[in-house]
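Peer 1: Build me a structure from this.
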Amino acid sequence: MIDHTGIIVSDFEAGKKFYSQALGAIGYSLIVEFPASVTGSADVAGFGENGKPDFWVISGTPNKPPLHIAFRVNSRDIVDAFHKTGLEAGGNDNGQPGLRPHYHPNYYAAFIHDADGHNIEAVCHEA
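Peer 2: Prediction:
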């Protein structure tokens with residue numbers, strides 16, 4: 001089981017703002033931040049729910065190639081909200097909300113690229 005993951009962004013403040021907005025649609029919020037003086041290498045911001053950060057945004061040279069991170073959500077409405085909010089937050093469309101039956105009949109997802117090209121997905125597996 002994966003406990004946490006993260007991505008590196010070129011503009012830390014803009015990245016925090018983007019992810020605060022986009023992930024807010026799925027119930028995530030910014031839970032904790034640590035400056036480079038504490039981590040010893042980079043500024044970091046932890047996002048998650050219920051007080052547990054499991055997605056980290058890290059300052060630095062972005063991952064190459066960009067990463068794909070998918071967040072599982074409980075309804076198609078949340079996928080739709082994620083996509084809309086992600087675009088409003090400055091993300092680029094990489095796949096409108098909809099079914100992807102080539103994965104399985106109920107795979108409903110949407111995709112947004114952040115400013116560094118990371119492919120962020122919200123997916124619902126429910127009918």
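Peer 1: make it CA atoms for all contacts and neighbour counts henceforth
Peer 2: Will do.
Peer 1: ranges for the strands of the protein?
Peer 2: Secondary structure of the chain (DSSP state E): strands at 5-9, 29-34, 44-49, 52-59, 68-72, 92-99, 108-113, 119-124.
Peer 1: Am I right that residue 113 is in contact with residue 89?
Peer 2: No: counting by CA atoms under 8 Å, residue 113 does not reach residue 89; the two are 11.0 Å apart.
Peer 1: In terms of neighbours, single out the busier of those two.
Peer 2: Neighbours were counted for residue 113 and for residue 89 using other CA atoms under 10 Å; residue 113 has more, 21 against 17.
Peer 1: Distance check, that one against residue 94.
Peer 2: 6 Å (CA to CA, to the nearest Å).
Peer 1: same deal with residue 102?
Peer 2: Taking CA to CA, one finds residue 102 at 17 Å from residue 94.
Peer 1: Neighbour count for those two, which is higher?
Peer 2: residue 94 (16 against 8).
Peer 1: How about the contacts made by the residue of the chain most remote from its centre?
Peer 2: For the chain, the C-alpha farthest from the mean C-alpha position belongs to residue 37; by CA atoms, centre = their mean, that distance is 25.1 Å. Shown in contact with residue 37 (CA atoms under 8 Å, 6 or more residues apart in numbering): no residues.
Peer 1: can you do 10 Å?
Peer 2: residue 43 (CA atoms under 10 Å, 6 or more residues apart in numbering).
Peer 1: how close does it sit to residue 43?
Peer 2: 8 Å.
Peer 1: for residue 91, same thing?
Peer 2: With CA to CA as the criterion, residue 91 and residue 43 are 22 Å apart.
Peer 1: When these two are compared, which one has more neighbours?
Peer 2: residue 91 (24 against 19).
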